[in-house]
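>>> turn this into a structure:
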Amino acid sequence: MRNLDKKMGLMVTLMWLGLYAGAQVITTTPETPVDNQALTITFDASQGSKGLIGHTGDVYAHTGVITSESTSDGDWKYVKAGWNENIPECKLTSLGNNKFSLIIGPSIREFYGVPAGEKINKLAFVFRNADGSKEGKTADNKDIFVVVTTTDVTVSIIAPLASGVFKTGSPVPFDVSATNAGSIKVFVDEVEVSVGSGNALQGTFTAGSVGKHTFKAEATDGVTTVSQTVDFFVRSAVANETMPTGLKRGVNVIGNNSVTMVLFAPYKTFVHVIGEFNNWLPNDNYMMKKDGDYFWLTINDLNPDTEYAFQFFIDGQIRIADPYTNKTLDAEDHYIPATVYPNLKEYPTGQTMHAASVFKINEAAYTWNVENFTNPDISKLVIYELHVRDFTANGDIKTVTDSMAYFKRLGVNAIELMPFNEFEGNDSWGYNPSFYFAPDKAYGTANDYKEFIDVCHQNGISVLMDMVLNHSFGQSPFARMYLDGGKPAANNPWYNREHNMLEPAAQWGYDFNHESPHTEALVDSICSFWLQEYKIDGFRFDFTKGFSNKPYPEGDWASAYDQGRINILTRMANEIWKVKADAIVSFEHLSDNDEEKVLANHGILLWGNHNHNFSEATMGYNTSGKSDFSWASYKKRNWNNAHIINYMESHDEERIMYKNIEYGNSSGTYNVKDVKTGLKRSEAAAVFLMSIPGPNMIWQFGELGYDYSINYCMESNENNCRTGRKPIKWDYTENENRMHLFDTYSTIINLKKEEPVFSTTDYSMEVAAATKLIALNHAGSDIRLVGNFDVVQKTLLPKFSSTGYWYNHFDGDSILVNDLNMSYTLQAGEFALFSQKKLNGFAPYVSVGDPAYFNNAHIAPNPVKETLHVFSGDNPLKQIKISSITGVVLMDKKIVTNDASLQVGDYPSGMYLVHLIGANNGYKVFKMIKK
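Next up, the predicted model:
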């Protein structure tokens, strides 16, 4: 729970559950906390959610109490500080070995400021680092609770559970504990069923008639008498009845006022549907019928225009949202702004716990403008990896849609969204999935996502979904249905009880058992759903090395060849292609080459991480093959096709420009740490990356030289906020040097898409040293890309394939090659892309005429927002042209004066070229930055 800023916890209404959760992560001294005494808490970061394991910075307790005035365990009282407030009283002391302590005193009551007469039931904790980007919680990612006792007489019902369900005529166990009591009595519907002395009483009674009943426990010391009650329910026998044919798992609309719900729940005995249509209470009218491993129920008399919230209540103990729901409600939903998700239905606080599912019979269908979209050729694929939270200030998918002109100008033809199916919390990278068929509401509505995909398709851009099927976290209903001691039970149809990889850093959440036919069916249904319902164009699957049950010891990241894993992954890909034949299937696999080769030759794209080599190159460190990125060549790997998605940055890697500025090399006055110099070297790296045949990927804002570390913390001086929020730097577009990097990306991306030579199979790479060469050959349009990644001038052999003129595309110049063995000199960080023919967009920066003619000419303002003023000095103009950096002419005006005013307000922000042509054919070009 994050009191005023974020409430991370869900309701856990029974004290024994709170004690159990806390016991996994913290210990107390004294062992039994008493409200009028001091207490020392010891937090073990290696237990529970392990979010702070190995953390060496400050640790704070976000803490409050659950009192007699609380409505649930989500209703924290007397919270010591807001989520982002770091106060000394809540700072823990490091004890070493991942343990931290906190003294609560002089007494619990005084520490929290709880007034006399208000009973303290529990202490509530979430431990965090200074900026809240790391959390320590229970193993299933819940708040931590510690039961508090008192010197007063108290009584607590341990069993039966509130809303527990029992079959009529069956024995019902009860368990009552008290403090400072002389005797305890228990009652069912006010009829005494047992009495005993002391502070504990256990026994059984017989479940009576079907319906709701009240169990009461009463404790007394002879002077003071206290009591507590819980309601429980008695059910009839489960009806065994064949389920109608043609139903899918989840909610099936079967009429204007009726739905049939289906739950696959092997080994379960009975299930009730609870929701706002029955006040969230179990009763026989909503007990599901059983058909083998399935439970089903038809509910009638519903309003087709009403949105209903509901849950499945399994065996009178487990409340889950429909695992196949397309929308969830959660206790954290009220932190989602109405601008992001208008009219979001409220979570039923105080009526249930855990996530609820939602359905509406007359749900308006999205009207697609593009019904069928064809993916780009794989050889021309340029992917833009994007995290919705950190891309725009609003952090929503709708604003990403509004940014379509930016993507079009950049030229990418695929956008890969980091995980956006429902994940735990509202502030995350998304690799902690909970629901697989519902988009996360933190980024917008279902139709907002569909509109984004539709608009992408209208602009020729594929949409790829980052999908996490290696694991789920504790809120997943597939996990929660079958838990045993905080782990998946041995009979869980979908998960392994233990991770097959013993390396702790490779263990996230609960590990899917991909050898289970139930998991196979689930995986296929997930992929099919997003391909069909949302028209997703493909997937990037996270950590596919984990799709195996083969055991690996600690320290082993499962990179060795695994035929069983190959079978699992190729089967999954084949099922995807049955739904969409040209679907893009890509893996973050990163295994040994012999396995990746098999997958690539099967048609799967494999992530190719070259962050280290490219960053060494841009920083200027090239000895001993440090900057050798030849592994980006599919031919080097001996693959049949160019199926490597090569990248130098991703969400998971350090930013190139950050490394340049922090660690860049230097020689004399030339220093890579200089921002302008670092950006120029990033241009060279971008052109080399994009010129390697095969698909490529850019991480968001890499095209602008984003220079905040992956570990940057927004609200502290620590540098360990890997998954935390990052500054959103759209102001980079107002910087000429950064926009030049953008335009370099745009130019090479468009060349890759338009020029066949960039998809050639006839190529070679010499990239091990500081001077690098990529030679691309194709039908008279050969390319020679040369670059100097040293910090001093270098000379190399471009190895031209013919004599004659070769065109330096990015300089707008040409050279005459008379000798195929001629050398070429490059300054530090300089590159040149030579082509046998003029490529699309080739445009000379300065060509004919006398450049001195316009010595006194200038343009203003620059950067410009609306009106650009052109001054030619004393010499008359004849013509003005404005073109894009790639040579596309946007304005062509005849001029007969010495100056002019041009309206450029409608131009997208970025860099342009202003060409001045004089009366005597004098020629000059200015770079214009449009705000």
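>>> list the contacts of the closest residue in space to Pro266 that isn't next to it in sequence.
Excluding the flanking residues, the one nearest Pro266 by Cβ to Cβ, 6 or more residues apart in numbering is Asp293, at 4.2 Å. For every residue, glycine as well, the C-beta is placed using N, CA and C. Applying Cβ atoms under 8 Å, 6 or more residues apart in numbering to Asp293 gives the contacts 264-266.
>>> pLDDT value on Asp293, please?
pLDDT recorded at Asp293 is 98.
>>> how far away is it from Asn492?
13 Å (Cβ to Cβ, to the nearest Å).
>>> likewise for Pro266?
Using Cβ to Cβ, which is the criterion applied here, Pro266 is 10 Å from Asn492.
>>> next: Ala200.
Distance, Ala200 to Asn492, using Cβ to Cβ: 34 Å.
>>> compare neighbour counts for those two and give me the winner.
Neighbours per residue, other Cβ atoms under 10 Å: of Ala200 and Asn492, the larger number sits with Asn492, 23 against 13.
>>> with adjacent residues omitted, what lies nearest to the more buried one?
Per Cβ to Cβ, 6+ apart, closest to Asn492 is Tyr482, 3.7 Å.
>>> contacting residues around that neighbour?
Here Tyr482 is in contact with 267, 488-489, 491-493, 495 (Cβ under 8 Å, 6+ apart).
>>> same deal with Tyr510?
Counting by Cβ under 8 Å, 6+ apart, Tyr510 touches 471-474, 476, 479, 487-488, 495-496.
>>> among the residues you listed, name the ones in helices.
Within these, residues falling in helices by DSSP state H are Ala479.
>>> adding neighbour count, write the contacts of Tyr510 out as a markdown table.
Listed next are those as a markdown table, based on neighbours: other Cβ atoms under 10 Å:
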| residue | neighbour count |
| --- | --- |
| His471 | 22 |
| Ser472 | 27 |
| Phe473 | 21 |
| Gly474 | 20 |
| Ser476 | 26 |
| Ala479 | 25 |
| Lys487 | 19 |
| Pro488 | 25 |
| Tyr495 | 24 |
| Asn496 | 20 |
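>>> can you flag which of the contacts of Tyr510 belong to strands?
Residues of these located in strands (DSSP state E): 471-472, 487-488.
>>> what part of this protein, helix or strand, is modelled with the least confidence?
Across the helices and strands of the chain, mean pLDDT, DSSP states H and E gives its lowest value to helix 15-23, namely a mean of 38.
>>> which elements pack onto the next helix or strand after that one?
Later in the chain than helix 15-23, the nearest helix or strand by DSSP states H and E is strand 26-29. Under the contact criterion of 3 or more Cβ pairs under 8 Å, 6 or more residues apart in numbering; DSSP states H and E, strand 26-29 touches strand 39-44, strand 144-147.
>>> of those strands, which stretch is the most buried?
Mean neighbour count (mean count of other Cβ atoms under 10 Å) peaks for strand 144-147 among the helices and strands packed on strand 26-29, with a mean of 24.
>>> same question for that strand, mean pLDDT?
Mean per-residue pLDDT for strand 144-147: 95.
>>> helices or strands up against that strand?
helix 15-23, strand 26-29, strand 120-128.
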